[in-house]
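Engineer: here is my input; please provide its structure:
(chains A and B)
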Amino acid sequence: MSVVTNTTTIGAIDAPSRRNTELALLVFAVAIPVFAYANVGLAMTGKLPSGMLGYGLGLGLLAAVGHLVVRKFAPYADPLLLPLATLLNGLGLVMIWRLDQSPRLIQRAKSAFGAFHPDAPKQMLYTAIGVALFIGVLMLLKDHRILQRYTYISMAASLFLLILPMFFPAVNGAKIWISIPGFGTIQPGEFAKIIIAVFFSGYLMVKRDALALASRRFMGLYLPRGRDLGPILVVWGVSILILVFETDLGTSLLFFGLFVIMLYVATERTSWIVFGLLMSAAGAVAVASFEPHVQSRVNAWLDPFACYKTDKTGACEQIGQAIMSFGSGGTLGTGLGQGNSDLIGFAANADFILSTVGEELGLAGMMAILLIYGLIVERGVRTALAARDPFGKLLAIGLSGAFALQVFVVAGGVMGLIPLTGMTMPFLAQGGSSVIANWALIGILIRISDTARRPAPAPAPSPDAEMTQVVRP
Amino acid sequence: MNKPLRRIAIFCGLLIMALMIRDNWLQYVRADELNAHKYNRRVQIERFAHERGNIITADGQPMTSSKETSGSDFKFKRTWNNGTLWSPVTGFNSQAFDSSQLENIEDKILSGNDDRLFFDRTLSMFTGEKKQGGNVVTTLNSAAQKAAFEGLGGKKGAVAAIDPRTGAILALASTPSYDPSVFAGNTNADTNARQKLLNDKDKPMLNRALRETYPPGSTFKVVTASAALENGLYTSIDEPTRSPVPYPLPQSTTPLKNEGNIPCENANLKVALQWSCNTVFGKISDDLGNKKMIDEANKFGFNDEVFTPVRADASVYPKDNRPQNAMAGIGQASNRATPLQMAMVAAAVANDGKLMKPYMVDQLQAPNLDVLSKTQPEKMSQPLSAANAQKVQALMENVVTDGTGKRGAIDGVTVGGKTGTAQHGLNNSEKPYAWFISYAKTDQGSPVAVAVVVEDGDANRDDISGGGLAAPIAKAVMKAVLKK
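Structural biologist: From the prediction side, this is the model:
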């Protein structure tokens, strides 16, 4: 007699592994960017780009290796995460390559730095490193619960990573980079995002009952005891302060949101949300009142075209340019390679890559991209729901919540929905740290989802089976 | 823990939804507004991304062309075939400094964005042809334009020539002129060239034929004579006028004199116009009164802007007191007229009193030369009856055969004209303007009426200078139209 106990939302016993679904989706995830690549070449020069074979093979190879590793080391993993990440990364590479072809940006780079270096080959390299890290995570991290052991090491590591850029010179007004000679620059904040989520998960898993129950009621809110909340509040506060001093506002917002979400999920107390919103409002007002960098961003958000009125040359705020490029894209877009999103100039292929998507792929393309991001987040949340251990749940929701917040903050900033804070669009934007860190993030999510969906070992035959017969009257 | 997880899931969904709503707002609701936003450089890039259509003379010569350039967002640049000659007609079109006149008014056709070209655009989208602008075919006569421009030479002045039968503008010259090619791009050199033109005290960018008003001087006596006949002050051009020499200006101690010793006492209209008698026409103006003079001037087109479609400034016959009105009757005081206006006066007389609305765009063509629209000549007003018009024609023709306008005469052609020398400046201290208005006539009516003004006339030789300086230019223009 077989006993079927469905203990989770999706992880039914004997559930299909869905590895073949993943493979089929990966074929699309590679084919679509390859077609997009051809499209850019045809639109801009009238012939198929010469690097097309290399590009297609490279992306295909990375996807294939990724898939094989998942098949081997995480056979029950969520089938959507890898194809979605591959598709975004592939499209990002196409967009970056497309912006590399822009005469305007080439001209700009030549007059500013004396030489132009295309970003696409570098991005391809970073993607390879990212996929390697993804593979590394899957191969080395057999069970995500191992990470639990490193709760306090994670705390130290994340603080170290956040402090590190203080000792390096500021780039474009923000001290968020460390430069390694001969390699380039690294943005440790992207990695700190994952590591701090590990710390929060480990700590909260242990303290969640104390935080939720051993609390005092104060003005209608339940406040936990200081010795429970204290350490996490300190770590969080320090990291926010560091980021504020490094003027990396996007990341500090992200850390804050991550903290509130995880605390809420761990304690199940709505008061944390209220508390979090009040604190963020207070923090935002405080930062905005003493930080000119923030003030200018808020002003640009309120009136994206204000600077054009004073600066007749038109080379002013990016946000106005970005909004116009979205508007010019319209419903169907101008077509890849045929827009003028490069008018944004600086950071067109990084923070502002989304306006290239908006202009050249139009509303339709933007909806698709946003849906892909939405799907990644949704698969992450489902993984959290399905996970059977509180640590896995917290880590999965922390990572997917951070991902969602990052997408919202960047896309919302570029589209003028909220003030711009300066972060990269995961996978899409040019930037090594971002791509590598996000591949690691996907790797961890896949690992958790594999554990969550893995069939439970068959229960040991119960010696009491005979004795629990249905009693008939 | 699943309950808060579900709530977080909803929260993440709301974040993505907010982005989607915002995106729809930007890319669907506000797309048109943002796409045409004045700070959106794409509008400019698009404007210069295709070959622009041309502005063409009536005899098929393109005044403009387009050149492909490199090193900037703007692929094509406007160039002119003899820009100095044609800039008063076309205006300028610059990558950095927008456009003016015909280039501006007909921009949609020239750039190919006009709705009437929608079908062409859609078709070329499928055939893969490059987008192209349509052409503007003007009424300008290249020979007449050249004659006018060369006649003005190094002098400051303007020429306007009209076909009296239709109102078609045949020549529109203004000197000193400028070449719009020099600032058609968007480089520093273009900016400097434009700044130099703007700083030039001779104002080369001013279109004197349309946008500058001058005191019309004695040429206005044609209007005064028409007013006298129309209002029945005199019925015949041979009727003596009972006017003294000098004529005492009403309500004033100043006598109005003539230039030189000419037979003006009690002279009839014919003699009075032949010698350009100030006394006679000053008195006529006063006899008719300010209101009747304004009415007649208005019928000729005064006191109203004219759109050809390029806007011409309004000429002014002022509302004024008696002595000033008498002076205005001889084209002085606050009386101001554009060269186009005075050409319209000559044209109305030549066309038997019927004034046709002046226009300079004959056809708008699609890039494949299909005609999109054609201007139909339009009657503007009837300043004088046909009978009176013929009387005024007799007066003007007499000026050319026996009077001050002999230098406007063309062998074998009936020419009517009127000279003028307009005093201006404080106490008439500045050099006067030399005027000449005229028309030529053939069996098929009058094909050309011209007004010429030269700014630096000779102060001492009143009417002769209008005849001496301006009449030969008018003659050359008329001959060019008549192909003689």
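Engineer: pull the number of nearby residues for A:Glu291.
Structural biologist: Neighbour count of A:Glu291, defined by other Cβ atoms under 10 Å in any protein chain shown: 15. Just so you know, the C-beta spots here come from the backbone N, C-alpha and C atoms, and that holds for glycine as well.
Engineer: tally of neighbours for the residue of the stretch 301-450 of chain B found nearest chain A?
Structural biologist: Taking Cβ to the nearest Cβ as the measure, the stretch 301-450 of chain B has B:Pro367 as its residue closest to chain A, at 21.5 Å. Here the number of neighbours of B:Pro367 (other Cβ under 10 Å) works out to 21.
Engineer: check contacts around it.
Structural biologist: By Cβ atoms under 8 Å, 6 or more residues apart in numbering or on different chains, B:Pro367 lies in contact with B:Gly53, B:Gly112, B:Leu117, B:Asp120, B:Gln132, B:Gly133, B:Gly134, B:Asn135.
Engineer: show me where the stretch 51-200 of chain A has helices.
Structural biologist: Counting by DSSP state H, counting those that start in this stretch, the stretch 51-200 of chain A has these helices, from start to end: A:52-73, A:81-100, A:103-113, A:120-140, A:151-163, A:188-213.
Engineer: the longest one - contacts with which helices or strands?
Structural biologist: Using 3 or more Cβ pairs under 8 Å, 6 or more residues apart in numbering or on different chains; DSSP states H and E as the contact criterion, the neighbours of helix A:188-213 among helices and strands are helix A:151-163, strand A:221-224, helix A:226-245, helix A:249-267, helix A:390-414, helix A:432-453.
Engineer: ok, B:Asp320 touching B:Gln332?
Structural biologist: No. Using Cβ atoms under 8 Å, B:Asp320 makes no contact with B:Gln332, being 11.4 Å away.
Engineer: okay, the two: which has more neighbours?
Structural biologist: Ranked by neighbour count (other Cβ under 10 Å), B:Asp320 and B:Gln332 place B:Gln332 first, with 22 against 17.
Engineer: doesn't the more buried one belong to a helix?
Structural biologist: No. The assignment for B:Gln332, made by DSSP: H, G, I helix; E, B strand; the rest coil, is coil rather than a helix.
Engineer: contacting residues around it?
Structural biologist: Counting by Cβ under 8 Å, 6+ apart, B:Gln332 touches B:Pro215, B:Gly217, B:Ala422, B:Gln423.
Engineer: quick check, pLDDT for B:Leu469.
Structural biologist: pLDDT, B:Leu469: 88.
Engineer: which residues does residue 250 contact?
Structural biologist: Picked chain A for this. Shown in contact with A:Gly250 (Cβ under 8 Å, 6+ apart): A:Gln406, A:Val409, A:Val410, A:Gly413, A:Thr421, A:Gly422, A:Met423.
Engineer: oops, chain B please
Structural biologist: When the contact criterion is Cβ under 8 Å, 6+ apart, the partners of B:Pro250 are B:Asp286, B:Arg322, B:Pro323, B:Ala326.
Engineer: pull out the buried members of those.
Structural biologist: Buried members of the contacts of B:Pro250, scored by 16 or more other Cβ atoms under 10 Å in any protein chain shown, are B:Asp286, B:Pro323, B:Ala326.
Engineer: picking up where we left off before, let's have the contacts of A:Gly250 in a markdown table, adding pLDDT, neighbour count and distance to B:Lys221.
Structural biologist: Formatted as a markdown table, the contacts of A:Gly250 follow (pLDDT from 0 to 100; neighbours: other Cβ atoms under 10 Å in any protein chain shown; distance: Cβ to Cβ, whole Å):
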| residue | pLDDT | neighbour count | distance to B:Lys221 |
| --- | --- | --- | --- |
| A:Gln406 | 93 | 26 | 84 |
| A:Val409 | 91 | 25 | 79 |
| A:Val410 | 92 | 28 | 77 |
| A:Gly413 | 90 | 25 | 73 |
| A:Thr421 | 80 | 20 | 77 |
| A:Gly422 | 75 | 21 | 76 |
| A:Met423 | 82 | 28 | 80 |
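Engineer: what about the nearest residue to A:Ile180 once chain neighbours are set aside, how many residues nearby?
Structural biologist: Among residues not flanking A:Ile180 along the chain, A:Ile186 sits closest, at 6.6 Å (Cβ to Cβ, 6 or more residues apart in numbering or on different chains). Using other Cβ under 10 Å, A:Ile186 is surrounded by 22 other residues.
Engineer: quick one: A:Ile186 and A:Val435 touch, right?
Structural biologist: No. Applying Cβ under 8 Å, one finds A:Ile186 not in contact with A:Val435, separated by 11.8 Å.
Engineer: where does chain B have low pLDDT?
Structural biologist: Along chain B, segments meeting pLDDT under 70 span B:128, B:426, B:457-464, B:484.
Engineer: how about the residues of it near chain A?
Structural biologist: Residues of chain B lying close to chain A (Cβ under 8 Å from any Cβ of the partner chain) are B:1-9, B:11-13, B:15-16, B:18-20, B:22-24, B:26-28, B:30-35, B:37, B:39-42, B:45, B:73.
Engineer: just the buried ones among those, please.
Structural biologist: B:1, B:4-5, B:7-9, B:11-12, B:15-16, B:18-20, B:22-24, B:26-27, B:31, B:34-35, B:37, B:39-42, B:45, B:73.
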